[in-house]
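*Asks:* could you look at this predicted model? Sequence included:
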Amino acid sequence: MKINLKCAEASWRTMSKIFLIMKLTIMLLIVGLAQAGAKSYAQLITLHEKNVSIEKVLLLIEKQSGYHFIYNDNLGILKSTTLNVDVEKQTIGNVLDQCLNGIPVSYKIFKKTIALKETEQIQNEKPVITIQKISGTVTDEKGDALPGVSVTIKGTTTGTVTDAKGTFVLNIEDSKNVLVFTSIGFTTQEVVVGTKTSIKIRMSVSSDALNEVVVIGYGVQKKSDLTGALSSLSAKDFKDQPVTRIDQALQGRVAGVEVVNNSGAPGGDVSIRIRGANSILGDNNPLYVIDGFIGADFNNLNPDDIASIEVLKDASSTAIYGSRGANGVVLITTKRGNSQKQEITFTPIYYNSQVLKKMDLLSASDFATTVNARDAAVGISPTFTQAQIDGFKTNGATNWQDLIFRNAPGEEFKLSLSGGNPKTAYFISGDYLNQDGIVLNSNYKRYAIRSNINSHISDKLGIRLNVAAIRRENLNNNNQGINSPVNQALSWAPTTPVRDALGNYIIHDPLCSIYGNPVALATDQTNILNNSNLNINSGANYHFFKDLSLDVSFGVDYQNIQGEYYSGPSITNNIPGASRTSAELFNLQNTNTLNYSHTFNHVHSLSVTAVFEQQKYTSTSFNANANNLTFYNLGFNNLALSSTQSAGSSYSESALISYLGRINYAYKDKYLLTVSVRRDGSSKFQPTNQESTFPSVGLAWKLSEEPFIKNLRVFDLLKLRGSWGLTGSQAINPYATLSTYLTDAFSAASSFNNNSATSGIVLGNAANPNLKWETTQAQDLGVDMSFFNERLTFTADAYIKNTKDLLLSLPLPAYAGGGNIISNVGKMQNSGIEFNIGGVPVRSGKFTWTSSFNISFQKNIVKNLGSLSSIFTNSITPNAGSGLSTQSEFVIKTGYALGSYWGLKYMGTWKPGEAADAAKFGQKPGDSHYQDLNGDNAINGSDFQIIGNGTPKQTLGWNNTFTYGNFSLNVFVQALLGLKKLDYSYASSITANADAKEATNAGILNRYIPGVNETSNIPAFSTTNIDYFESNRFLENGSFVRLKNINFSYHLPKNTIENVDIKLFVGATNLFTITKYKGFDPESTNSNSGTDVAQSIDMGSYPNSKTFNVGAIFKF
Amino acid sequence: MMALFVLGCQKALKENPKGQVVGSQALSTVEGLNAALTGAYKPLGWTWITGFNTAALAAVLMGSDDLTTHPASNKADLREFDQYHVSNLNGRMVNIWNGCYKSIQGANNIINNYKSTTGDPAAINQIVGEAYYLRAFDYYWLVRLWGNIPLITSEVYDPAVLKVTPSAPAEIYKLIESDLGNAEKLMQDKKLDDGRTSKGAASALLADVYLTEGGWPLNDNSKYALAAAKAKEVIDNKAAYGFDLVSDLNTLWQDTRVGTRTSEEIFAIHNCGTCNWFNSNALYGSSAMPGEENGWDDYFAEIKFFNDFPAGTRKDVTFHTVIKKTDGTAISWQNDAVKHPYYQKFRAPVNGSTDGSSATVQLMRYAHVLLIYAEAQARSGGVNQQAYDCINAIRSRAGLSPLSGLSDSDFITAVISERAWEFAGEYTRWFDITRLQILPQVIANRDPSENAVIGTPQYYIPIPAADLQLNPNLGN
């Protein structure tokens, strides 16, 4: 029933062919599935034919309506009777009544099948000796009766249709005993009858991909008519696994889309890229459009509300979003009510999560022995006595990883209600998710409610109202980086207890880390972010006449973000502080769409869309901070009780005004053309650069409609596509063209006495009033194929995207005041190929295996940086290994890809035979040997070079569903390949560095020890050794293949409980990972999800977890 | 309903930067100018980010014999300075480099734009005078540590700034002298607030600048007379300027958690650790304390320096020699892990917070002025009674006998030693070693157990790699 649902959802604007189907669907909704009188069907048929046979008329009706006629071969009267037809917008019933008037033929309509019978035949059937009577029942996959299935004898038009109970009776000749069962939405089946007199047929739902209607920007289109590269997912694609957020639905399922869970915290940061990163400065996350509302936040969506997701990848699809389309667009359509059937669905799910793995750290006694060995090597007194070391052996010590990681339970309850009457349909859903994080004292809660109502007030006017409210509560999900529980668990000495004799947290690790106690970091600080979102999206659709419609929509998105922060005495040197933040984001959107579609002379099908759209974004915020709390247990709930307070506030607004138009043209459904243009005006730029135009064109050729291909009988579909277009990126924040001061306390307040701070102003980044859009020109070539009755589908795309006028944040030297200036310089290119193969490898009896596989290869190259050869970005972990180097870990360099690591090349340790060479650097064998690029016998900034890249080169996903009767197993494998990770977590645990005085990693036992182990490349304990973090010594292969999801479900037999349909499932996420990466998780990083300049650094990032789930779906 | 949503086209695309301080209008009022001045002080005390209130300050001066660091632990970056083998990647020095230059930018903004400010001329003059002082102070630190450096006097970004070549110290000192002259003229005698500066402070700094100019690298002996005269001017006007020695040395160091405010402070960074971590003092406390007392072992005194230090009140106030371990036992410094004595001055009370305090970082004390006078007078006009009075005031407070009857050169040697002891660990000794070019003797005098020298000792540290990468001309 997918097609019906989709059509109903998208009924307000479309092209002509689709429109007919849609219209029909609406009528079906109104009338219901009962075998209603034909007159009720308001399908509009227009025919102007002279002297044609009835059979020809039926064919024409089939073509216009999508209805299918079946009748016995011996109804020769249909061939022999000719007539003139002259009907304009008549119902099928009326047309048939006219055509069959006066001949002994009657008809019956079942769903989309119309059966014709000779009126007298029922009584006067001629008995034939060779005829056998066969009866049977047809059901769907669940065993429910399927009425209206056409049952025909293969090679004839003889047949019947099943009745309301799904049963049929048919007389067949021995020689022609193969029956063909067809029904819209189901895969056609052929059955050899043999000598059977009764058969049972179970029909399976067909993907029916070719006739599927997909949502495109500002409209819908039949999938087979697309000219652009678009990937479509529907709820059923991810129904077999529990999805708590949309990224889990996208991950690995769409070629060209890379999803990385930067943070494994529940509700944590995720980076989604469609065909790579186009922007250096800007956010490279795609644009999300939920039910037409542009720039929505996907976090504010209950995935259970999703009906379909469309990912627009090439410029022909995305140019319609103009200045914000460059990163690709994810269109999300939420579910609508189904007026045919009232249904209540209740889904409880329980989760349990664990850390993927733990790092191999030194035991307390090994640690103590190692520290003493270092003391001896550098000539200072031993830190531990033998008695203490023996004590650690017997008593053990602190296992910080065990203390901060935990088994984290979670629960989710989803409830949805769908139904309606012929005029109005509703979908109401609620969701409650409560998930603990695997790091102590972290938690995520989500409460969501949605109501989607659509109503046909009249034949011409439809209205809709979608209201969604969601609240997300984050507790300590953002505690990442150096001073986080995860990183400090690797840095605190195992010999240091958690608490002192009085039961207070130990504040300073006397031996190792200079940062906070891991357990205190988890429990003595509170970092709450509560996000409440209300999205109201309303619209009306008016059909002036059949071909012309106007759609007007208004959307409001309101977000209220409350932050509550507290840092307790144990992590603030007994100066506890607290703060509150409050922000309001208020976005308005108005979209007015005029759509005209018509088919001329049956061959030219044209659809024209024109849109005027305006958007406004306003955000305001304020914050209050208190330090040295008088009663620290009051935390952020009483900021007045503190010795110092400060406050801040901000305001920002921007607006966008757009005009756009699109023409879709198809000739004979073979040659397809899409042309679109959008003009955007943005307030972020100065008036001279405010407006820009984004055109696109897409062409497709359905070769499978050509006779020479059709005759091959190989392809269901063979289509070639090509497209070109421009898209943009605003990439800058409001006011970026103005020179503004920094005014916040952190950047600008000074203390002139010892008990207060005075606010001030500091020159901010240099202004550049000449900023303009960044523009991406993209080309795409693609092919779509479908074989064996859609049992095998194949899609391939190749693309090149050239971005010019790159907005770059050029760092200014510290001697000039530092900071950055944003400029339009440079060019960058992304190119790639992507493949998607889907199919049903096995369908045998009750067993079916469906599989889909996608892989993308992508390449990024910086082509030009204006007058500069390389740009160093600000370090994202500015204190990592602090003191030894403050260089950025990344460089943007002409001829190289984004995400290139900038560092020293590690040559291993100086070996015994190299003492003389080492001495030139003031070093000795056992010390770190770095490549001295300029040969000046010193290791410094001139020895930095590109040492690797953090961007994956290939991403792939493989999704399999195995069904056997009522059992179903979903296995989903995902991989990111060809990337290097800079493993700062390992670096900080294997070295003594500015942040940790001793190594804690068990790997240190294999270090270079003079006279004992002189082959090791882990440097010896020495006063002349330097461990630079920015070096390929800490660069690791970050590739991984992961069993992302495995889920097993059992559908209880019908009526195990009366009127309740039950499915039980159990599954696991991230069950195992194949990787060489040393850290907790190759997927998690410290990078911000928006940027691609600096990625794949792992320093105490919140690792992803292994999660088990068990749940059930109840349908009433 | 429609009307509510329709935005109006061109009007809607006009930016409305409410809440932002935009462009040059910011400085049109005295309040705005004053806020910009606060912003110019900020980079000098932006804890952990830039400035003088973390161990970065001890790091860049560690070539000196009053400071050393742990041979292992996590001190590789500090050791580079102690071993005269500093990579341009070193992250400690950028706190000073970046802080001084950001402060210079803030000062340039005031100096170049104050003429458009309307308001009380006296208030404007004071602000501009402080800006001149800050610019001179910043360049003085930069030129002594790095030598040839970019000379930037504009606050506005110009692409040409990316290609600027470094200026020789003589040019930098010219600007410093001129700025301090302006600062003296424009400011009031006394500081408006503890952490700000004044005419008296400008004169004191100018005296120190003259003394330095007399030595390496300018070697302009004529400056010694100017130094003596300027120091004398400050001494003669100490009441007006509000400067004097405190009688008990302890008062300078007793409140390292809450901060001091004494007449001896000429210029100091005042911190407020209870306000924010980024306005706190992280140079004192943990940084200066032994590991046995939960300290960080960042910096402590060299053995020979301690042994040569004359016993008395000052030695007791200066050094921490009995280490009290967390288990309650006490050990002498010879038996602690690193076998070195620690600084008492810079430590914090052991119970309670040991870093991030409100302690005041005293960058120049009135005692400096007295000893500048003593040395400069001996080098220019010859030692006189006032020169003896100056050094003996310091010695008597230190619990030492007064000096008398020395030759000029012996007197100068005595003053140099006195400066080393009086300002042990206080950002003076390294610059004396530099201007007097006595590094070889200082190194020869080290205890053999100190961190070994690597390569040829250098008086200057390298230009930070980040800026060198952006402007290779700095390497010229």
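*Replies:* On my side now, so go ahead.
*Asks:* tally up the residues packed near the residue of the stretch 201-350 of chain B found nearest chain A, please.
*Replies:* The stretch 201-350 of chain B approaches chain A most closely through residue B:259 (3.1 Å), counting by C-beta to the nearest C-beta. The way it works is simple: take the backbone N, C-alpha and C, and place the C-beta from them, glycine included. Using other C-beta atoms under 10 Å in any protein chain shown, residue B:259 is surrounded by 26 other residues.
*Asks:* so what's it up against?
*Replies:* By C-beta atoms under 8 Å, 6 or more residues apart in numbering or on different chains, the residues touching residue B:259 are A:753-754, B:270-272, B:281, B:357-360.
*Asks:* now it. Nearest residue, chain neighbours left out?
*Replies:* residue A:754 (3.1 Å; C-beta to C-beta, 6 or more residues apart in numbering or on different chains).
*Asks:* distance-wise, check residue A:686 relative to chain B.
*Replies:* With distances taken as C-beta to the nearest C-beta, to the nearest Å, residue A:686 is found 9 Å from chain B.
*Asks:* return the distance of that residue relative to residue B:32.
*Replies:* Distance, residue A:686 to residue B:32, using C-beta to C-beta, to the nearest Å: 25 Å.
*Asks:* then residue A:863?
*Replies:* Distance, residue A:863 to residue B:32, by C-beta to C-beta: 44 Å.
*Asks:* neighbour count for those two, which is higher?
*Replies:* A direct count of neighbours by other C-beta under 10 Å for residue A:863 and residue B:32 places residue B:32 higher, at 19 against 14.
*Asks:* quick one: list the elements packing against the one helix or strand the more buried one maps to.
*Replies:* Taking DSSP states H and E as the criterion, residue B:32 maps to helix B:30-41. In terms of contacts (3 or more C-beta pairs under 8 Å, 6 or more residues apart in numbering or on different chains; DSSP states H and E), helix B:30-41 is packed against helix A:745-748, helix B:93-113, helix B:121-146.
*Asks:* what residues sit buried inside the longest one?
*Replies:* Judged by neighbour count using 16 or more other C-beta atoms under 10 Å in any protein chain shown, the buried positions of helix B:121-146 are B:124-146.
*Asks:* quick one on the thing from earlier: tell me the one of the contacts of residue B:259 nearest residue A:580?
*Replies:* Nearest to residue A:580 among the contacts of residue B:259 is residue B:272, at 21.0 Å by C-beta to C-beta.
*Asks:* residues contacting the closest residue to that closest one other than its chain neighbours?
*Replies:* The shortest distance from residue B:272 to any non-neighbouring residue, by C-beta to C-beta, 6+ apart, is to residue A:751 (4.0 Å). In this structure, residue A:751 makes contact with A:757-758, B:45, B:195, B:270-272, B:275, B:279, judged by C-beta under 8 Å, 6+ apart.
*Asks:* one step back: save the contacts of residue B:259 as CSV, and put in neighbour count, distance to residue A:854 and pLDDT too.
*Replies:* Below are these laid out as CSV (neighbours: other C-beta atoms under 10 Å in any protein chain shown; distance: C-beta to C-beta, whole Å; pLDDT from 0 to 100):
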residue, neighbour count, distance to residue A:854, pLDDT
A:753, 18, 64, 92
A:754, 25, 62, 90
B:270, 30, 62, 96
B:271, 31, 57, 94
B:272, 30, 57, 92
B:281, 31, 57, 93
B:357, 30, 58, 88
B:358, 26, 60, 91
B:359, 28, 61, 93
B:360, 28, 64, 94
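*Asks:* which helix or strand contains the most centrally placed residue in chain B?
*Replies:* Of all residues in chain B, the one closest to the mean position by C-alpha atoms, centre = their mean is residue B:363, 4.6 Å from it. For residue B:363, the host element (DSSP H and E) is strand B:361-365.
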